[in-house]
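A.B. asks: Have a look at this prediction, sequence included:
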Amino acid sequence: MKIKHIMSNREEKVMEHLWENEAAMTITELEELMVEEGLSKASIFKAVQALIKCSYIKVSGVELVGKTYARQLEAEISKEEYAALILMEKGFTRSSLGEIAVAMTGSDHGSKASSLENEKLIHDLEEIIAKLRQ
C-alpha cells in the first residue's frame, strides 16, 4: 500500500488532537487547544485542508458557532494506521511485525517491563493471533 501523504509537523499536531479527542471538533475548538503551540488560525486551516484532501480527516457534520456554521472534523485514519503506512513506505512488511514488536518492547536490549505490562501485551497479541486465524 502506497502512503497517501506524509504529514507535516503542523498536520501531525492537528491529528494528535483529533486522535486524542473522541468527538468531532471544529477548527475553532482545535485553535483553542493549539493556542500554546503558536499556530495561527490560518496555519490550522491549511493543515485541515491538506488532511481533508488526502482523506486523513473527514467532515462529519456542522455546528452553529456564533452566527456561522463550522465544520465538525474527525480523524479518518487512526494513529496506528498512519504509523503502519509510514513503516510500509520504509519497506517494512508483515513479516517484520515480530521484530518490530520485540524492538518496541525493548526486550532485545535488556529493558524490563512489569509483569502486568507483559501480561497485557501477551493478551493483546493473542487477540491479534485469534483474529488472524478467523
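C.D. replies: Received the coordinates, thanks.
A.B. asks: alpha carbons only for contacts and neighbour counts from here, please
C.D. replies: Noted.
A.B. asks: Return the distance of the spatially most central residue of the chain relative to I52.
C.D. replies: Centroid-nearest residue in the chain, with Cα atoms, centre = their mean: K79, separated by 2.1 Å. To I52, K79 is 16 Å away according to Cα to Cα, to the nearest Å.
A.B. asks: follow-up on the earlier one: what sits against the residue nearest to the centre of the chain?
C.D. replies: By Cα atoms under 8 Å, 6 or more residues apart in numbering, the contact list for K79 reads W19.
A.B. asks: So it versus K120, what's the distance?
C.D. replies: 20 Å.
A.B. asks: Output the helix or strand of the chain with the lowest mean pLDDT as PDB, restricted to C-alpha atoms.
C.D. replies: Taking mean pLDDT, DSSP states H and E as the measure, helix 97-105 is the helix or strand of the chain with the lowest mean score, a mean of 79. Extracted as PDB, the C-alpha positions of helix 97-105 are listed here (Å, rounded to 0.1, in the frame of the first residue of the first chain):
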ATOM      1  CA  LEU A  97       6.000  -7.400  12.800                       C
ATOM      2  CA  GLY A  98       7.600  -9.800  15.200                       C
ATOM      3  CA  GLU A  99      10.900  -8.000  15.100                       C
ATOM      4  CA  ILE A 100       9.200  -4.600  15.400                       C
ATOM      5  CA  ALA A 101       7.200  -5.900  18.500                       C
ATOM      6  CA  VAL A 102      10.400  -7.100  20.100                       C
ATOM      7  CA  ALA A 103      12.100  -3.700  19.400                       C
ATOM      8  CA  MET A 104       9.100  -1.800  20.800                       C
ATOM      9  CA  THR A 105       9.000  -3.800  24.000                       C
END
